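Trainee: all I have is the shape, not the residue letters:
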């Protein structure tokens, strides 16, 4: 199911939200825009870091559509 959301982001040019486990064991929630998917890594724009980043696919714990904020 994670691959579905990664491919969706890549093909539709839409951001998604991932839960990511860093190599040092820290878990974070990231809003990303996938630019390229490789065999074991992906390249994506990370809205948290405001930069293009490389993510290890095995460290992506979950992925989903980014929730739209609602104005009140």
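Mentor: Looks like it arrived, so ask away. Only a predicted model underlies this, so the values are computations on that prediction, with no experimental measurement involved. Numbering: from 1, shown residues only.
Trainee: hey, where'd the strands end up in the chain?
Mentor: 16-21, 27-37, 41-46, 51-56, 60-65 (DSSP state E).
Trainee: between the fourth one and strand 41-46, how big is the angle?
Mentor: What that stands for is strand 51-56. Counting by axes from the mean of the first three to the mean of the last three Cα atoms, to 10 degrees, strand 51-56 points 150 degrees away from the direction of strand 41-46.
Trainee: quick check: buried residues in strand 51-56?
Mentor: Buried residues in strand 51-56, counted by 16 or more other Cβ atoms under 10 Å: 53, 55. Backbone N, C-alpha and C define where each C-beta goes, glycine included.
Trainee: so what strands line up beside that strand?
Mentor: Each strand paired with strand 51-56, and its direction, by DSSP bridges: strand 41-46 (antiparallel).
Trainee: now the strand it pairs with against strand 27-37, angle please.
Mentor: Interaxial angle, strand 41-46 versus strand 27-37 (the same axes, to 10 degrees): 110 degrees.
Trainee: any low-confidence regions in the chain?
Mentor: Across the chain, residues meeting the criterion (pLDDT under 70) sit at 68-72.
Trainee: let's see 90
Mentor: For the chain, the stretches with pLDDT under 90 are 66-72.
Trainee: now do the same contact list for residue 66.
Mentor: 14-17, 31 (Cβ atoms under 8 Å, 6 or more residues apart in numbering).
Trainee: residue 63 now?
Mentor: Residue 63 touches 1-2, 4-6, 16-19, counting by Cβ under 8 Å, 6+ apart.
Trainee: do residue 2 as well
Mentor: By Cβ under 8 Å, 6+ apart, the contact set of residue 2 is 57, 60, 62-63.
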